[in-house]
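>>> Provided below for reference: sequence and predicted model.
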Number of protein chains: 2
Amino acid sequence: MTAADLLMQRTTDVLEANRLDVERAERADTSPTVVDRLRLDEHRVAGMAVGLRDVAALADPVGQVVEGWTRPNGLHIDKVRVPLGVVGIIYENRPNVTSDAAALCVKSGNAAFLRGSSAAIKSNIAIASILRSGFAAGGLPEDSLVLVEDTSRESAVEFMRLRGVIDCLIPRGGASLIAAILEHATVPYVIDGDGNCHVYVDASADLHMALSIVRNAKTSRPSVCNAAESLVLHADIAENFLAASEHVLEDVELVGDEAARRLLPSIGVAEEADWWREYLDLKMSVAVVSSLDDAIAHVNRYGSGHSEAIVTADLAAAQRFTREVDAAAVVVNASTRFVDGGEFGFGAEIGISTQKLHARGPMGLRELTTTKYVVTGTGQIRS
Amino acid sequence: MTAADLLMQRTTDVLEANRLDVERAERADTSPTVVDRLRLDEHRVAGMAVGLRDVAALADPVGQVVEGWTRPNGLHIDKVRVPLGVVGIIYENRPNVTSDAAALCVKSGNAAFLRGSSAAIKSNIAIASILRSGFAAGGLPEDSLVLVEDTSRESAVEFMRLRGVIDCLIPRGGASLIAAILEHATVPYVIDGDGNCHVYVDASADLHMALSIVRNAKTSRPSVCNAAESLVLHADIAENFLAASEHVLEDVELVGDEAARRLLPSIGVAEEADWWREYLDLKMSVAVVSSLDDAIAHVNRYGSGHSEAIVTADLAAAQRFTREVDAAAVVVNASTRFVDGGEFGFGAEIGISTQKLHARGPMGLRELTTTKYVVTGTGQIRS
């Protein structure tokens, strides 16, 4: 029986464990949003099982020859994709991450070493125990998934320092987790960072396209990292855009700089802190710039290196923006919401890297692997 | 005038600065080996200029479209190679690293932020100053090369914590430097680690090929990281190999386990510490194993994940060794000495990574870059 089948069969065990976590959270006056993230129901457990099956059906990245060539001395060199080894994931709440992360790690040939939050510990133990049985039934070692049951702060720091045990650590959490990783980690890590994403509407933009893209980038799912947080308007289009925004972005609270507020006095004042904020809410900052240069400078100054979009009809502007903006993804004439492993066609996603080493942008199975050079000769020695 | 021309023209300035470094080192009773690494002469400076020209002639990795595809919704996605930004290099002695590292960083579109050792500071300042003028003459910003002149221990720690300034730190030095990086660094780094490299001689190996490869791997340049440090012999070939080694490896001090010493009593005793040692000298440990499994287990236990070789005529043994040995490079029937950016055809090398993230194995220009996704649409929004 596969892990997905077993998870479906034992749904009540998972829900019973989850009920205990939810009750404890409610007794501790946890915010309803957080409790909602923690809470599982039959539908969510079924979703986890579907996720397991979807990942199982993806192509296996391991063994792929990334490139290969023969040297003049006859040595043949292949660069082959291999598992990282042990992938550690530290995550907060959301017990479904236990199954999603385990699936991706194991499918890419790694062992999954998971450390969830204390709030979800009973749910996580139940899910991990079922998956371990399922993996074992499928012929994998049970320890291809190991969950850390000690959720103390000390154990998190110890986890980050298991150099030689953890080959890659992927933290999925907020600023304090990232700060702890930077301070304490000795294991290699890939940071799935914040998204302070901008949409720049160029002077040449089609107004309707710009409004549609900004609306989608801001409102289709405000709580995710590829949602737009800031709007940058070229002065030549700002008046028309802002006039139309009263209808198109009527449910979004806008705060702007002086130029924006001169054009649309009803919007609030953007403080310096607003330019740095990832609202994750129906709120957006608005800056008016007088040139493409200023737009690029603004985006590079305040952006978090996640996803940055331009709406433009001007080829040269698109070329300069994509070349000069420093981010994991630059988007021309489309919503920032497309920067996502699923939308990119990766089949699944372990996160979106905002760092430049190893993986940058959406991370799928391939980003959970490394490569090895295989050099084959016939007795060659070096002179 | 190019940086290389300027370096040739101002050779005497470099040699004068270097003389002061060498004199100071000699007054401090520095070991002759270290003084030799520090010392420059006209020949070495000319070699640095040749290195600059060679790197300048390499293909520019920036702008390469690594892959590109179109999604069903019409979005086109390109993964484009871009510079990392600022590459920091911490290195010890050897003033030629100043010019080699600067060339590789700048050719790959990065700024080079260099911190050499205090022993070489005057040489490094002279070289960096000349290169800065040369780069500026070639139209680059002078600050595409910046050398840290404060060589205190505190400044090294500060350097490792310049998060947001240094995009990638590459330490080139010994164990204490690596330990300091693990403890203090908050910037992303790639470790150019030690090479405790093995050659495993399988039962099926051609004896002459095995002797030739082991001799080359051990003696052609013992001081480098891709030199072999340990010999693993299958029991079926150990007696013949060791008998012949008295002639073929006559200049190498061997220390072995009990089985090896029974076959060749003249060799010394290998202590546990020997299996972990990177001798970087004409010394080698010898283990006799009774199976391929034991050989792989030995290599995976003691190896540093650099380069590991098998000599064999048995296809299945070669396949298992290359699949199961966990190292940046596995080599079949050739010397470990080929694991090198130049020998791989990369044109130049900034180091050999023994880590699994970002780059593994020899690092050339390409490993000094990252990628950026460029997503181009026609107004797509996400449903």
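Now that the structure is in, tell me what you want to look at. Residues are numbered from 1 along each chain as shown, chains lettered A, B, ... in the order given.
>>> For the rest of this, base every contact and every neighbour count on C-alpha atoms.
OK.
>>> is the closest residue to A:W69 other than its chain neighbours in a bridge, and if so with what?
Counting by C-alpha to C-alpha, 6 or more residues apart in numbering or on different chains, the nearest residue to A:W69 once its immediate chain neighbours are dropped is A:I77, at 5.4 Å. Bridge pairing for A:I77 (DSSP bridges) gives the partners A:W69, A:V375.
>>> Could you measure from A:I77 over to B:V339?
10 Å (C-alpha to C-alpha, to the nearest Å).
>>> More neighbours: those two, which one.
The residue with more neighbours, out of A:I77 and B:V339, is B:V339; 25 against 20, by other C-alpha atoms under 10 Å in any protein chain shown.
>>> Now the closest residue to chain B within chain A, what are its backbone angles?
Nearest residue of chain A to chain B, counting by C-alpha to the nearest C-alpha: A:H358, 3.4 Å away. With angles defined as degrees, to the nearest 10, A:H358 sits at phi 70, psi -60.
>>> A:I267 now?
phi -80, psi 150.
>>> What residues does it make contact with?
A:E253, A:L254, A:V255, A:G256, A:R261 (C-alpha atoms under 8 Å, 6 or more residues apart in numbering or on different chains).
>>> Show me where the stretch 251-383 of chain A has its strands.
A:253-256, A:268-269, A:283-289, A:307-311, A:329-334, A:351-353, A:361-363, A:369-380 (DSSP state E, counting those that start in this stretch).
>>> Okay, now the sheet partners of the second one, with direction.
Read it as strand A:268-269. As assigned by DSSP bridges, strand A:268-269 forms pairs with strand A:253-256 (parallel).
>>> Please list the outside residues in contact with the strand it pairs with.
In contact with strand A:253-256 (C-alpha under 8 Å, 6+ apart) are residues A:I267, A:G268, A:V269, A:A270, A:L282, A:K283, A:M284, A:S285, A:V286, A:A287.
>>> do stretch A:210-224 as well
So stretch A:210-224 is contacted by A:199, A:201, A:226-229, A:231, A:241, A:244-245, A:248-249, A:252, A:280-282, A:284, A:311, A:333-337, B:379-383 (C-alpha under 8 Å, 6+ apart).
>>> what about the helices in the stretch 201-350 of chain A?
A:207-219, A:235-248, A:258-263, A:272-276, A:292-302, A:315-324, A:341-344 (DSSP state H, counting those that start in this stretch).
>>> Out of the ones you listed, indicate the one that is most buried.
Most buried of those, by mean neighbour count (mean count of other C-alpha atoms under 10 Å in any protein chain shown): helix A:207-219, with a mean of 22.
>>> okay, that helix in PDB with CA atoms only?
Written as PDB, here are the backbone C-alpha positions of helix A:207-219 (Å, rounded to 0.1, in the frame of the first residue of the first chain):
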ATOM      1  CA  LEU A 207      -3.500  50.900 -19.500                       C
ATOM      2  CA  HIS A 208      -6.000  48.000 -19.500                       C
ATOM      3  CA  MET A 209      -3.300  45.400 -19.400                       C
ATOM      4  CA  ALA A 210      -1.500  47.300 -16.600                       C
ATOM      5  CA  LEU A 211      -4.700  47.500 -14.500                       C
ATOM      6  CA  SER A 212      -5.500  43.800 -15.000                       C
ATOM      7  CA  ILE A 213      -2.000  42.700 -14.100                       C
ATOM      8  CA  VAL A 214      -1.700  44.900 -11.000                       C
ATOM      9  CA  ARG A 215      -5.100  43.800  -9.800                       C
ATOM     10  CA  ASN A 216      -4.200  40.100 -10.300                       C
ATOM     11  CA  ALA A 217      -0.700  40.500  -8.800                       C
ATOM     12  CA  LYS A 218      -2.200  42.200  -5.700                       C
ATOM     13  CA  THR A 219      -5.500  40.700  -5.100                       C
END
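>>> Which residues of the stretch 251-383 of chain A lie near chain B?
A:322, A:327-335, A:337-338, A:344-345, A:356-361, A:370-383 (C-alpha under 8 Å from any C-alpha of the partner chain).
>>> Filter those down to the buried ones, ChimeraX style.
Applying 16 or more other C-alpha atoms under 10 Å in any protein chain shown to these leaves a buried subset, and the ChimeraX line that selects it is:
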select /A:322,327,328,329,330,331,332,333,334,335,337,338,344,356,357,358,359,360,361,370,371,372,373,374,375,376,377,378,379,380,381
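>>> Who does A:R172 form a beta bridge with?
Note on A:R172: beta-bridge partners A:Y91, judged by DSSP bridges.
>>> shouldn't it be in contact with A:N93?
No. Between A:R172 and A:N93 there is no contact under C-alpha atoms under 8 Å: 10.0 Å.
>>> Now list whatever residues contact both of these two.
Shared contacts of A:R172 and A:N93, counting by C-alpha under 8 Å, 6+ apart, come down to nothing at all.
>>> For the closest residue to A:L282 other than its chain neighbours, which residues are in contact?
In space, and not counting its chain neighbours, A:L282 is closest to A:V252: 4.9 Å by C-alpha to C-alpha, 6+ apart. Applying C-alpha under 8 Å, 6+ apart to A:V252 gives the contacts A:T219, A:L282, A:K283, A:M284.
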